[in-house]
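# fold the stuff below for me.
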Amino acid sequence: MPEYGQVTQELRGKLEEIVGDKHVSESPEDLEKHAIDESLEPPHPPEVVVSPGSTEEVSAVMRLAYSERIPVTPQGSRTGLSGGSHPVFGGIALNLERMNSILEIDEENLMAVVEPGVLIVDLHAETEKLGLLYPPDPGQESGSLGGNISTNAGGVRGMKYGVTRDFVHGLEAVLPSGEVITMGGKIVKNSTAYSLLDLIIGSEGTLAVVTKATLRLVPKPRHTALVFVPFDSTRDAANTVSEIVRRKVVPYALEYMPRHAVETAQRYLERKLPDDSHPAYLLIAVEGNTVDEVESQLETVGEVCLEMGAEDAYVADTAAKQEQLWEGRKCLFDAYKAFWEIDEVDACVPRKHIPDYIEGAEVAAERHGVIVSNVGHAGDGNVHSIIARGELDEETWREVLDAVIGELIDLALSLGGTISGEHGLGLAKKRYLPRQVEEAQIELMRGIKRAFDPHNILNPGKVFDL
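As a prediction, the model looks like this:
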């Protein structure tokens with residue numbers, strides 16, 4: 001275990017001088033709240049919760065922590081699923097929720113400048129008022145943009161637009177030493193030396209604390225439509241994804257749901273979805289600037305689905321109908337969590353191997369006696385395998401869970417995939433990294449970590465061990 005300093009009363013007094021006494025807390029309620037995220041990892045309470053309100057305050061907190069060797073865990077709204085914001089070694093939980101301002105929406109340059117505590121749902125609302133769109137949409141509306149940048153979050157629009165990394169054009173960040181650095185900006189191109197910007201995106205808060213981000217926007221398409229399509233087999237549904245792309249239609253979202261997920265969503269929402277009698281479903285969303293453009297895409301999508309074995313197609317062509325369908329998809333993690341003890345794997349595989357992954361996951365579920373519900377972003381191969389305890393007793397569940405997770409990860413890797421598509425490794429999945437990445441690469445990553453953080457005080461215990 002690393003040698004870390006303790007948060008003494010003297011150090012607490014210095015923290016209060018930096019951020020104000022009401023923004024430094026050791027109350028049991030605050031320590032409990034900041035000991036967890038949305039993962040199933042057991043709580044790791046910090047010694048103190050510090051809530052800075054500016055870059056200058058973050059910098060001063062980090063300088064103090066660096067000099068005293070105090071571990072610091074950056075936190076946003078703590079909606080992560082990999083234990084990435086757990087204060088594993090205690091120390092300071094650096095709560096960035098106060099830094100929640102949309103500083104600018106630059107319509108001329110199609111850029112927004114935000115602080116890390118801004119919720120993605122708020123940025124979506126403000127940009128869309130102006131006819132603009134910030135495409136990343138990870139599905140957790142209470143997620144903060146700092147957390148999205150930390151894990152390089154994706155979401156339902158990833159198939160057409162890409163992931164968070166594709167929309168971050170500038171960052172202001174505080175190094176573990178307290179030094180403030182600025183990378184990129186309102187520029188579209190930048191080939192100047194190494195891209196530290198891209199290094200920090202997806203680094204899970206282990207290299208620097210993001211305090212400001214410049215994000216690219218796009219014009220918001222005027223019209224959208226959504227279609228809910230039942231299939232008699234998983235393979236037919238998955239093969240339809242590739243055929244739609246081959247026909248030169250790129251939906252902005254293409255989601256897969258098994259019947260178990262549809263039934264679980266209905267139970268959670270206490271209302272029916274258009275159909276719940278088939279083994280597999282696709283949720284396909286298209287958009288365009290004219291009604292004719294959208295209808296043309298819908299026609300092609302419908303033709304492909306029927307050719308590939310779809311039983312029907314339920315079109316949601318109004319905003320209200322679309323919202324009802326999206327609610328059925330986006331509620332699934334909360335729905336499963338409400339009814340069962342769960343864990344999850346967010347593997348990503350090449351699109352053509354989605355049916356192989358899903359079928360392999362179903363075999364593993366049957367062998368171990370658990371529920372595995374494979375839902376997710378079929379358009380980009382990112383399958384979220386929700387593993388639910390079902391009827392297993394507690395002891396058996398604990399015995400088989402690690403085996404199931406390991407098998408699903410090995411299955412994804414055997415198909416040319418990756419351990420995580422968007423949630424990151426954090427604390428929960430870091431032990432699997434050597435299954436994908438050889439030691440030479442891990443050692444390079446350790447070298448990068450040491451260069452940024454020689455005392456290993458920033459979010460220690462995540463991604464890999466030093």
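# where does the protein have low pLDDT?
1 (pLDDT under 70).
# ok, 80 please
1-2, 139-141, 317 (pLDDT under 80).
# kindly state the domain boundaries assigned to it.
9-98, 102-219, 223-332, 340-431 (automatic domain parsing).
# and these as TSV, adding mean neighbour count and distance to residue 441?
(C-beta placed from N, C-alpha, C; glycine too.) TSV is the format used below for these (neighbours: other CB atoms under 10 Å; distance: least, CB to CB, whole Å):
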stretch	mean neighbour count	distance to residue 441
domain 9-98	20	19
domain 102-219	20	14
domain 223-332	19	30
domain 340-431	20	13
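# as JSON lines, those with distance to residue 453 would be great.
Listed next are the domains of the chain as JSON lines, based on distance: least, CB to CB, whole Å:
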{"stretch": "domain 9-98", "distance to residue 453": "9"}
{"stretch": "domain 102-219", "distance to residue 453": "4"}
{"stretch": "domain 223-332", "distance to residue 453": "35"}
{"stretch": "domain 340-431", "distance to residue 453": "16"}
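# give me the three-state assignment for residue 372.
strand (DSSP: H, G, I helix; E, B strand; the rest coil).
# ok, the nearest residue to it once chain neighbours are set aside to residue 405 distance?
Leaving aside its chain neighbours, residue 372 sits nearest to residue 365 (3.7 Å; criterion: CB to CB, 6 or more residues apart in numbering). The spacing between residue 365 and residue 405, counted by CB to CB, to the nearest Å, is 12 Å.
# then residue 387?
Residue 387 is 7 Å from residue 405, by CB to CB.
# tell me, what's touching those two both at once?
343, 345 (CB atoms under 8 Å, 6 or more residues apart in numbering).
# which parts of the stretch 151-300 of the chain are strands?
For the stretch 151-300 of the chain, the strands defined by DSSP state E, counting those that start in this stretch occupy 168-174, 180-184, 209-216, 218-219, 223-231, 253-258, 280-288.
# what's the angle from the fifth one to strand 253-258?
Okay, so that is strand 223-231. Angle, strand 223-231 to strand 253-258, by axes from the mean of the first three to the mean of the last three CA atoms, to 10 degrees: 30 degrees.
# give me the helices and strands touching strand 223-231, please.
helix 234-246, strand 280-288, helix 291-307, strand 314-316, helix 319-330 (3 or more CB pairs under 8 Å, 6 or more residues apart in numbering; DSSP states H and E).
# next: the fourth one.
For strand 218-219, the contact count by 3+ CB pairs under 8 Å, 6+ apart identifies strand 132-133 as packing neighbours.
# make it 6 Å
On a contact count with 3 or more CB pairs under 6 Å, 6 or more residues apart in numbering; DSSP states H and E, strand 218-219 meets no helix or strand.
# list the contacts of that strand.
residue 133 (CB atoms under 6 Å, 6 or more residues apart in numbering).
# can you check stretch 305-313 too?
For stretch 305-313, using CB under 6 Å, 6+ apart, the contacting residues are 227, 229, 230, 231, 236, 239, 240, 243, 278, 302.
# likewise for stretch 326-342?
139, 255, 261, 264, 265, 268, 273, 283, 375, 386, 388, 389.
# check stretch 41-57 too.
By CB under 6 Å, 6+ apart, stretch 41-57 touches 7, 15, 18-19, 23-26, 30-31, 34-36, 58, 61, 83, 86-88, 90-95, 98, 211, 427-428.
# let's see it at 7 Å
7, 12, 15, 18-19, 23-26, 30-32, 34-36, 58, 61, 73, 83, 86-88, 90-95, 97-99, 172, 174, 180, 211-212, 427-428 (CB atoms under 7 Å, 6 or more residues apart in numbering).
# what does stretch 17-27 give?
With CB under 7 Å, 6+ apart, stretch 17-27 has contacts from 12, 15, 16, 48, 49, 50, 51, 52, 53, 57, 60, 61.
# what do you get for stretch 430-447?
409, 410, 413, 418, 419, 425, 462, 463, 464, 466.
# returning to that earlier point: nearest to residue 450, out of the domains of the chain?
domain 102-219 (10.6 Å; CB to CB).
# before we move on, back to that, CSV for the strands of the stretch 151-300 of the chain, including distance to residue 158?
CSV is the format used below for those (distance: least, CB to CB, whole Å):
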stretch, distance to residue 158
strand 168-174, 15
strand 180-184, 21
strand 209-216, 15
strand 218-219, 14
strand 223-231, 16
strand 253-258, 8
strand 280-288, 12
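# now the end-to-end length of stretch 446-465.
By CA to CA, to the nearest Å, the extent of stretch 446-465 from end to end equals 8 Å.
# which residue is the nearest non-sequential neighbour of residue 344?
Residue 344 sits nearest to residue 386 (CB to CB, 6+ apart), 5.0 Å away.
# for the one you found, which three-state class applies?
Applying three-state DSSP: residue 386 is strand.
# for it, name its beta-bridge partners.
Here residue 386 sits in beta bridges with residue 344, residue 373, going by DSSP bridges.
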